[in-house]
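K.L.:
okay, sequence plus prediction incoming.
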Amino acid sequence: MNVSQLEISSSHPLALPVGVTLDRYIMHRQTAFPYATGDLSQLLRDIALAGKIIHREVNRAGLIDLTGGMGVQNVQGESQQKLDMIANIRFCRALKNGGEACAIISEEDEDIIFTGNNNGKYVVAIDPLDGSSNIDVNVSIGTIFSIYRRVTPIGSEPTMADFLQGGRRQVAAGYILYGSSTIMVYTTGHSANGFTYDASLGEFILSHPDIHSPVDGQIYSCNDGNLDSYEQGVRDYLTNCRSRQFTARYIGSLVGDFHRNLLKGGIYMYPPTKKNRDGKLRLLYEAFPLAFLAEKAGCLASTGHQAVLDVKPTSLHQRVPLYIGSPIMVENLIGMLG
Ligand SMILES: O=P(O)(O)OC[C@H]1O[C@](O)(COP(=O)(O)O)[C@@H](O)[C@@H]1O
Ligand SMILES: [Mg+2]
Ligand SMILES: [Mg+2]
């Protein structure tokens, strides 16, 4: 019996729609902006393409010797993992070949990476592989990206000014989480949407439309091991969480902890420590993009004293304390920091 003889109704499992692909969603959104030229759409596709390749590498990291360090340190003084480097190469190549990005800054490179696309209208700040300490142990890791429209003239060589515009000048930001499934969550300044990767189709499919995070939560994510070097207000807040039997969840991958708390309600905290007076996380390719996304999903992102998005950027790899998540939890913490 061949397929044509089957009475296939649209509800037949074989005929069910696969859902809205990222490509279709981007195209559809683009038509909402009459002045849109498709350049940002193409840039988002380039990032998604590199994400698919890293998905493949992450899933077979143990099989193709992608685990372990390179024996070299990055500008942060951290030992670079093989997958940090692979992800950095893949994203930079995708952005260079895509033609829309004129320059990139990456956690793995000290200086601006010039793509040679001086006619490109955008610059990208990227954390190619977030949660590097989890690469070898099969715990969720991610990629974080932030996009600005350049301020230097098109055709000219991009400069630092293109990257130091300020968090509220981002035109798009998001992350790709390589976990039990791979999901890309991003915003272009309106809503926050999540697309789950279906490797059998090679497509990101809309799975989390218009994410709105719970205003309150009972999950806190913070490295308790640094407790003694946190300021009193942070220690008081953690004591308060424990006394209210909140759930401690900290995997050591910012993207993984942020994503869980975004969906379930919760707070991620990386306060200043004795070792890192400004905290550990980097403003341009960790705090700004997640803060931009978080605000679109109804969350708050604070340094403890101001909104992260209002921090004035002064250097490419500057660090910032980060408290991000459900607004009621972040406000309670800020209240205790005094
Ligand atoms: O080990 P610590 O000090 O708790 O730091 C963990 C944090 O550092 C990070 O790994 C920093 O990011 P990278 O892995 O991209 O360097 C975050 O993902 C994570 O939340
Ligand atoms: Mg990181
Ligand atoms: Mg990283």
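P.N.:
Structure's in. What do you need? Ligands and ions are numbered 1, 2, ... in the order given.
K.L.:
any idea how far Ile113 is from Tyr148?
P.N.:
15 Å (Cβ to Cβ, to the nearest Å). In short, each C-beta sits where N, CA and C put it, glycine included.
K.L.:
so which of the two has more stuff around it?
P.N.:
Tyr148 (24 against 19; other Cβ atoms under 10 Å).
K.L.:
what residues are up against the more buried one?
P.N.:
Contacts for Tyr148 (Cβ atoms under 8 Å, 6 or more residues apart in numbering) come out as Tyr122, Val123, Ala125, Asp162, Phe163, Gln165, Arg169, Gln170, Val171.
K.L.:
do Gly99 as well
P.N.:
Per Cβ under 8 Å, 6+ apart, neighbours of Gly99: Gln42, Asn117, Asn119, Gly120.
K.L.:
which ones among these lie within helices?
P.N.:
Gln42 (DSSP state H).
K.L.:
tell me the secondary structure at Glu108.
P.N.:
Classification of Glu108 by DSSP: H, G, I helix; E, B strand; the rest coil places it in coil.
K.L.:
secondary structure element for the residue nearest to it when sequence neighbours are not counted?
P.N.:
Spatially, and ignoring its direct neighbours in sequence, Glu108 is nearest to Asn88 (4.2 Å; Cβ to Cβ, 6 or more residues apart in numbering). In the assignment (DSSP states H and E), Asn88 maps to helix 82-98.
K.L.:
Phe288 too?
P.N.:
Going by DSSP H and E, Phe288 is part of helix 288-296.
K.L.:
next secondary structure after that helix?
P.N.:
strand 300-302.
K.L.:
past that next one, which element shows up next along the chain?
P.N.:
strand 322-325.
K.L.:
who are the packing partners of that next one?
P.N.:
The contact analysis (3 or more Cβ pairs under 8 Å, 6 or more residues apart in numbering; DSSP states H and E) places strand 322-325 against helix 254-264, strand 267-270, helix 288-296, strand 300-302, helix 327-337.
K.L.:
try 10 Å
P.N.:
strand 219-221, helix 254-264, strand 267-270, helix 288-296, strand 300-302, helix 327-337 (3 or more Cβ pairs under 10 Å, 6 or more residues apart in numbering; DSSP states H and E).
K.L.:
for ligand 3, find the nearest of the ones you listed.
P.N.:
Set against ligand 3 and scored by Cβ to the ion, the helices and strands packed on strand 322-325 come closest in helix 254-264, at 8.8 Å.
K.L.:
next up, the contacts around the residue in the chain that ligand 2 sits nearest to.
P.N.:
Of all residues in the chain, Asp130 sits closest to ligand 2, at 3.4 Å by Cβ to the ion. Contacts for Asp130 (Cβ atoms under 10 Å, 6 or more residues apart in numbering) come out as 84, 87, 107, 140-144, 175-178, 253-256, 258, 281, 285-286, 290.
K.L.:
buried only: go through those for me.
P.N.:
The neighbour-count criterion (16 or more other Cβ atoms under 10 Å) marks 84, 87, 107, 140-144, 175-178, 253-256, 258, 281, 285-286, 290 among the contacts of Asp130 as buried.
K.L.:
what subset of those residues is also close to ligand 2?
P.N.:
Taking Cβ under 5 Å from the ion as the test, ligand 2 is in contact with none of those.
K.L.:
can you give me the strands in the stretch 1-150 of the chain?
P.N.:
Taking DSSP state E, counting those that start in this stretch as the test, the strands found in the stretch 1-150 of the chain are 69-73, 79-81, 101-106, 113-114, 122-130, 141-149.
K.L.:
out of those, which gets nearest to ligand 3?
P.N.:
Of all those, strand 122-130 comes closest under Cβ to the ion, at 4.4 Å.
K.L.:
pairing partners for that closest one, with directions?
P.N.:
According to DSSP bridges, strand 122-130 has the following sheet partners: strand 101-106 (parallel), strand 141-149 (antiparallel).
K.L.:
mean confidence for the helix holding Asn88?
P.N.:
Mean pLDDT, helix 82-98: 96.
K.L.:
that helix and ligand 3, are they touching?
P.N.:
No - counting by Cβ under 5 Å from the ion, ligand 3 is not contacted by helix 82-98; separation bottoms out at 6.0 Å.
K.L.:
buried subset of the contacts of Gly99?
P.N.:
Gln42, Asn117, Gly120.
K.L.:
take those residues and write them to JSON lines, including pLDDT.
P.N.:
Output for the buried ones among the contacts of Gly99, formatted as JSON lines (pLDDT from 0 to 100):
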{"residue": "Gln42", "pLDDT": "94"}
{"residue": "Asn117", "pLDDT": "96"}
{"residue": "Gly120", "pLDDT": "97"}
